[in-house]
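*Asks:* Build the 3D model from these lines:
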Amino acid sequence: MMLDAPGDTKDGNATDHNADHNADHNADHNAAHIAGTAASSRLETLPVELIYQVFSHMPDLPTLRSLARTSKTLHGQYLYNENRILRACLGRELNGFFVDAYATLMSRVDEIGSPRTNPKVTSFLDSYRGWITGSSPCPDMKSISDGRVQWLAAFHIDVIRPLARQYSSWALGNFRKMASSSTAEEGAVEDAAVSQGGYDITLSKSEEIRIFRALYRCETFHHLFGVNKAIRHGGFRDHRINEIFFCLFDPWDAEAVGCIDLFVREHYEDIFNAVQEDLDDENPRFWNGLERSTEDSFDLICERDDYMNGTVSRGLSITAQLLAVNDHETLVAKMQRYLTYQRNQDYPMQMALQTVAQFDRRRETLPAFPNARDEAQHRRNPLIFVGDAVPADGPPLAWVLLWGGTYANMYGEYVPEPLRRCGYIMWDAGRLAEMGAEQVVVRQWETVPKLAEDVERDWDLRHLFGMARGITHPAVPVN
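*Replies:* Residues are numbered from 1 along each chain as shown. Below you'll find the predicted structure:
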């Protein structure tokens, strides 16, 4: 992760940058700059060994980047020991989801190779399963090459962290709005902050891990089944992808990956709507006199689904870039570059999470059916919420509440979409209590009677819907 030297900017010098902001921002910026300069001056007087120790104990990558950019002297000290410092900091940053970050690293085209064949995909996923379960050793941070450490650090700070922040704001805004609407009197006006959905939120460590882990797993999915620079030989149908990929994870973790996909698709819908007319072949920009050039035009109406699936499958790096664009013409230009038509034989994630894919996986005579999680659901094993302790491997409280304290190996389209838009399985019990959202989760079944009937009929979960309808039921087991 190469860090820019202090004073190096892409958009001009610091003076010009500050001139574009208001007086209050200038005052805050200058005060912070003066304080930072004073602190860096004191650090620069320390022996080199102590400066190295300070760098090596930075709690996370953003803090490390800020310190390294404080002065040219400190930046030079960072570069002198960059690999050792970065390796130590990244190890702390990825604690709790290192296996999933490593899977994203090793599923890249540069690692798997091209062409990407079905045996290569299944072989990689067998290895991933072993890393998750511990049946196969997963390399640790010390054994990864410097180049791979650099890639992981850059991907985490430039893609994963920004998307985690945007996802949290979006999902919690949706959740708070839903909780507020369910408790407000009919016709009452919602709180302005709730209706706007904007929040300055601080995530707990367990919430952060859940979101980071889901983002990495989403990217790994796109590496294996998406459109990238590798030639693709073969392809998997929706129920097969559900088996070989989503069955690697506990159902609440599979649900978390699907929540990320829903976030990405909703934002791409907004982007598609914003550029649809600009990229239509009837737009004047594609006319040169009496001739029309449609080379860079796209039909985002009739071919919307194919372009949506193809572009989403290119992965989260492009998503992060597009969500950072604020200028319309820049967005149009980037979309002309990144729009991708889905031509792979692999089904998109959205379809692999549908009810039909999960139903077919169970009904087909596949080698992995029935798996242990399906059997746990069939036996109605009790599901206990044991807390939100790091690394947050157990079921979140919202998941336990949704399924009435019994094990359910269902997710995606089997869950009411409003809950999935809230990222309900990302949040700690304390946050649910603060929002008054526990009963909101349970009552969601009442809003989707057709889905409730299908789940009740197909999987014999009548006890669950008795609970949702207010029938007396045992308390959800929560420790």
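*Asks:* Tell me the confidence at the spatially most central residue of the chain?
*Replies:* When Cα atoms, centre = their mean is applied to the chain, the residue found nearest the centroid is residue 215 (2.9 Å). Note on residue 215: pLDDT of 98.
*Asks:* How about it, nearest residue that isn't a chain neighbour?
*Replies:* The spatially closest residue to residue 215, leaving aside those adjacent along the chain, is residue 160, at 5.2 Å (Cβ to Cβ, 6 or more residues apart in numbering). Yep, even glycine has a C-beta here, placed from its N, CA and C like the rest.
*Asks:* Can you give me every residue that contacts that neighbour?
*Replies:* By Cβ atoms under 8 Å, 6 or more residues apart in numbering, the contact set of residue 160 is 212, 215-216, 316.
*Asks:* just checking, what packs against the strand or helix carrying residue 207?
*Replies:* Following DSSP states H and E, one finds residue 207 within helix 205-225. Taking 3 or more Cβ pairs under 8 Å, 6 or more residues apart in numbering; DSSP states H and E as contact, the helices and strands that helix 205-225 lies on are helix 98-106, helix 118-133, helix 161-183, helix 251-279, helix 316-323, helix 349-352.
*Asks:* Could you list the low-pLDDT ranges of the stretch 1-150 of the chain?
*Replies:* Across the stretch 1-150 of the chain, the stretches falling below the confidence threshold (pLDDT under 70) are 1-41.
*Asks:* so how far is residue 338 from the closest residue to residue 416 other than its chain neighbours?
*Replies:* Of all residues beyond its chain neighbours, the one nearest residue 416 is residue 444 (4.3 Å), with distances taken as Cβ to Cβ, 6+ apart. As for residue 444, its distance to residue 338 is 35 Å (criterion: Cβ to Cβ, to the nearest Å).
*Asks:* where do the strands sit along this structure?
*Replies:* Remark: strands assigned in the chain by DSSP state E are 116-117, 232-233, 287-288, 291-292.
*Asks:* need the ones you listed in a markdown table with mean neighbour count and distance to residue 97, can you?
*Replies:* Rendered in a markdown table, the data for the strands of the chain read as follows (neighbours: other Cβ atoms under 10 Å; distance: least, Cβ to Cβ, whole Å):
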| stretch | mean neighbour count | distance to residue 97 |
| --- | --- | --- |
| strand 116-117 | 20 | 24 |
| strand 232-233 | 16 | 27 |
| strand 287-288 | 10 | 50 |
| strand 291-292 | 10 | 50 |
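*Asks:* Including distance to residue 144, could these go into CSV?
*Replies:* Conversion of the strands of the chain to CSV gives the following (distance: least, Cβ to Cβ, whole Å):
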stretch, distance to residue 144
strand 116-117, 22
strand 232-233, 27
strand 287-288, 52
strand 291-292, 52
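*Asks:* Can you say which of these is nearest to residue 153?
*Replies:* When these are ranked by proximity to residue 153, the top entry is strand 116-117, at 25.4 Å, counting by Cβ to Cβ.
*Asks:* which strands and helices sit next to that closest one?
*Replies:* With contacts defined as 3+ Cβ pairs under 8 Å, 6+ apart, the packing partners of strand 116-117 are strand 232-233.
*Asks:* What is the strand it packs on packed up against?
*Replies:* Secondary-structure packing of strand 232-233 (3+ Cβ pairs under 8 Å, 6+ apart): strand 116-117.
*Asks:* got the contact list for the strand it packs on?
*Replies:* So strand 116-117 is in contact with 109, 224, 230-234, going by Cβ under 8 Å, 6+ apart.
*Asks:* I'd say residue 306 and residue 341 touch.
*Replies:* Yes - using Cβ atoms under 8 Å, residue 306 is in contact with residue 341, at 5.3 Å.
*Asks:* Would you mind measuring from the nearest residue to residue 377 once chain neighbours are set aside to residue 314?
*Replies:* The shortest distance from residue 377 to any residue that is not its chain neighbour, by Cβ to Cβ, 6+ apart, is 4.6 Å, and that residue is residue 409. If you measure residue 409 against residue 314 using Cβ to Cβ, the figure is 30 Å.
*Asks:* Can you pick out the residue with more neighbours from these two?
*Replies:* Taking other Cβ atoms under 10 Å, residue 409 and residue 314 do not tie; residue 409 has more neighbours (23 against 16).
*Asks:* That one touches residue 376, doesn't it?
*Replies:* Yes - here residue 409 lies in contact with residue 376, judged by Cβ under 8 Å, at a distance of 6.9 Å.
*Asks:* State the distance from the residue lying closest to residue 48 once chain neighbours are set aside to residue 51.
*Replies:* Taking Cβ to Cβ, 6+ apart, and ignoring the residues beside it in sequence, residue 48 has residue 77 as its nearest neighbour in space, at 6.8 Å. Distance of residue 77 to residue 51, computed by Cβ to Cβ: 5 Å.
*Asks:* just residue 313 next, same as before
*Replies:* 44 Å.
*Asks:* Between residue 444 and residue 338, tell me which one has more neighbours.
*Replies:* Each of residue 444 and residue 338 has its neighbours counted (other Cβ under 10 Å); residue 444 has more, 24 against 15.
*Asks:* Please look at the residue nearest to the centre of the chain and residue 263 and confirm they touch.
*Replies:* No - the pair formed by residue 215 and residue 263 falls short of the contact definition of Cβ under 8 Å, at 9.8 Å.
*Asks:* So for these two, which residues contact both of them?
*Replies:* Here residue 215 and residue 263 have residue 167 as joint contacts, going by Cβ under 8 Å, 6+ apart.
*Asks:* Could you count how many residues lie near residue 220?
*Replies:* Applying other Cβ under 10 Å, we find 27 other residues in the vicinity of residue 220.
*Asks:* buried sites along stretch 263-283?
*Replies:* Of the residues in stretch 263-283, those scored as buried under the neighbour-count criterion (16 or more other Cβ atoms under 10 Å) are 263-265, 267-268, 271-272, 275-276, 278-280.
*Asks:* Check stretch 80-95 too.
*Replies:* By neighbour count with 16+ other Cβ under 10 Å, stretch 80-95 contains the buried residues 82, 85-90, 93-94.
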